[in-house]
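Peer 1: Next one to model:
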Amino acid sequence: MMDLSREGQQSASSGHAPPEARLELLEAMVAGAREGLCILDERSILLHSNEASGELLSFQPRQAMGRPVYELGVSSDFDWSIGGDALASGVAVSAIQTLRSGRKLLVSAVPVSAGEKEAKRSYVVVTMREVTDMGQVMTRLRDAVELVEQSRSTLSVPTGREQPVDEVLAHSPGLAAVGETARQYAAVDATVLVLGETGAGKGVFARLIHQASGRSGGPFLEVNCGAIPEGLMEAELFGYAKGAFTGADAKGKAGLVEMAHKGTLLLNEIGDLPLSLQVKLLRFLEDGEVWAVGAVKPKRPDVRIIAATNRNLARMVADGRFREDLFYRIDVLALEIPALRDHPEDIPGLVRVALAKAEKRLRRRRAITPEALAILGRYRFPGNVRELFNLVERLVVTAASDTIDVGDLPVHVRRGAGHDEGSSSGPASGAALRKRLKKMESELLKEALVRYKTQAEAARHLGVAQSTVARKAKQYGLRADDSTRVS
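Peer 2: Next up is the predicted model:
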């Protein structure tokens, strides 16, 4: 029992408390915290956790110490990749996670460093708190966004709903400036026009504006103006009254504009909106009234409109394909999203996010070699961020091993990046290289097992998780006491 006498308190307050007392104080703080708290090292090994985290994720803290976090919380479907994201970006990351049980957790990961120079080590402090009340969720989300804004290097904004919005990694000055402008637009309630190529992330920034605004507690709805036939688009947007037309719902139906009351409606690909409906949209933007098909009186929903397009609306106005008055009405605040080829320094971070999402969805964990990542960094990605995410998901499925290498990349990507196909990236040479790498890996693993006797010590020596050593040892038929030479 720690001495809390006046003398002990004075000693502690003066900064001269003995190390044992300071350690006991720290452990008491961790144990008594109402939030779940876990400390991980750079290899995602759990160094310490409290009872609150064990209760939330269904594991025993004392038994879990020293184990890789990916072996914990399997039944709860907790995503530990947030710790890796924090380490990779060097700033705090926050998100809402929904467990299989339906419980929602507000999770934050903060990277910290300890030690001096060569002995300096990196850790991640992961905190988690159960949140059920939506107002409470949104307050904490705003606090999380403010924390990330201070870092200015990574922007991660959850939707506040079932799943978090795709992260926007802004390591490049250009994309960081776009994120700053989006947050400024969120502070007002004017119409926003988001411009950018297909797949550049227009929908992501639209969600960002919504979630950082005072409407974040309301709905965020999206409609693709080019995906719905013209004959149905009016009813989809503005709804229809009872008995408006043959085959209609007898009770009538609210349109998306009305359903987005107190929230935000994203009109994606607004350049494809028919001219006849442009007039009706302009009327709503001018006077706030919505006339459903067949209705005898209007409604006045409180909705913020965000429009997005990859087209040149000014040219369409000149060609008579888009109403000039509507163009000036939606072009109040303009936000232009740069193509991915214009900020390639963001590609490594986006690849990490894509790998983490693919791992969660496909239940396959993949790493990527620096050489393969360098090629992706030189590829121009005509389909932008969407193409990158689709490519990474494909590679997670088709890669020949647990690590995506140059030979796994599609030929058009390697050629588009200017990679010399005469190097060791062809199918035959790639297979030969992988065979040599596997042989080297097995020999290194065998040497470590023979020398250090146990898988745990071998893992510590190699700087990997024990589960990795166990899996590789089984793959190569090795045991800790095995002295058979691997061929």
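
Peer 1: Show me where the stretch 201-350 of the chain dips below the pLDDT cut-off.
Peer 2: Low-confidence segments of the stretch 201-350 of the chain, defined by pLDDT under 70, span residues 243-250.

Peer 1: hey, where'd the strands end up in it?
Peer 2: Ranges of strands in the stretch 201-350 of the chain, per DSSP state E, counting those that start in this stretch, are 220-224, 239-240, 253-254, 263-268, 303-309, 333-336.

Peer 1: Can you work out which other helices and strands pack against the host helix or strand of Glu371?
Peer 2: Using DSSP states H and E, Glu371 maps to helix 370-378. Helices and strands touching helix 370-378, as assessed by 3 or more C-beta pairs under 8 Å, 6 or more residues apart in numbering; DSSP states H and E, comprise helix 347-362, helix 411-416. No exception for glycine: its C-beta is placed from N, CA and C like everyone else's.

Peer 1: Sheet partners, orientation included, of the helix or strand just after the first one?
Peer 2: To tie it back to what came earlier, the one meant is helix 347-362. Read in the C-terminal direction, the helix or strand following helix 347-362 is strand 367-368, with elements assigned using DSSP H and E. Sheet pairing here is set by DSSP bridges, and for strand 367-368 it gives strand 403-404 (parallel).

Peer 1: Quick one: mean pLDDT for the partner strand?
Peer 2: The predicted model assigns strand 403-404 a mean pLDDT of 92.

Peer 1: from the middle of its chain, how far away would that strand be?
Peer 2: 21 Å (C-alpha atoms, centre = their mean, to the nearest Å).

Peer 1: Switch the strands of the stretch 201-350 of the chain over to a markdown table; also include distance to Ala292.
Peer 2: Putting the strands of the stretch 201-350 of the chain into a markdown table (distance: least, C-beta to C-beta, whole Å) gives the following:
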| stretch | distance to Ala292 |
| --- | --- |
| strand 220-224 | 16 |
| strand 239-240 | 4 |
| strand 253-254 | 8 |
| strand 263-268 | 15 |
| strand 303-309 | 14 |
| strand 333-336 | 28 |
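
Peer 1: Would you mark the buried spots in stretch 408-419?
Peer 2: Using 16 or more other C-beta atoms under 10 Å as the burial criterion, the residues of stretch 408-419 that qualify are 408-409, 413-414, 416-417, 419.

Peer 1: Give me the residues contacting that stretch.
Peer 2: Among residues not part of stretch 408-419, those counted as contacts by C-beta atoms under 8 Å, 6 or more residues apart in numbering are 372, 375-380, 391, 395, 398-400, 406, 421, 425, 430.

Peer 1: From the buried residues of stretch 408-419, which shows the smallest pLDDT?
Peer 2: Ranking the buried residues of stretch 408-419 by pLDDT, His419 lands last with 77.

Peer 1: Let's verify that one: helix, strand, or coil?
Peer 2: Of the three states, His419 takes coil under DSSP: H, G, I helix; E, B strand; the rest coil.

Peer 1: Domains in the chain, by residue range?
Peer 2: Structural domains of the chain, as assigned by automatic domain parsing, span the residue ranges 31-135, 179-338, 342-476.

Peer 1: Of all those domains, which one is nearest Ser172?
Peer 2: Between Ser172 and the domains of the chain, the shortest gap by C-beta to C-beta is with domain 342-476, which sits at 3.8 Å.

Peer 1: end to end, how far does the closest one reach?
Peer 2: Across domain 342-476, the terminal residues are separated by 44 Å (C-alpha to C-alpha, to the nearest Å).

Peer 1: Centre of the chain to it, how far?
Peer 2: Average the C-alpha atoms of domain 342-476, do the same for its chain, and the two points are 20 Å apart (C-alpha atoms, centre = their mean).

Peer 1: Can you tell me which of the buried residues of stretch 408-419 is nearest Gly263?
Peer 2: Closest approach to Gly263 among those (C-beta to C-beta): Val413, at 39.1 Å.

Peer 1: Pick the one among the contacts of stretch 408-419 closest to Asp302.
Peer 2: Nearest member of those to Asp302, counting by C-beta to C-beta, is Leu391, at 40.7 Å.

Peer 1: Right, I'll call it a day here.
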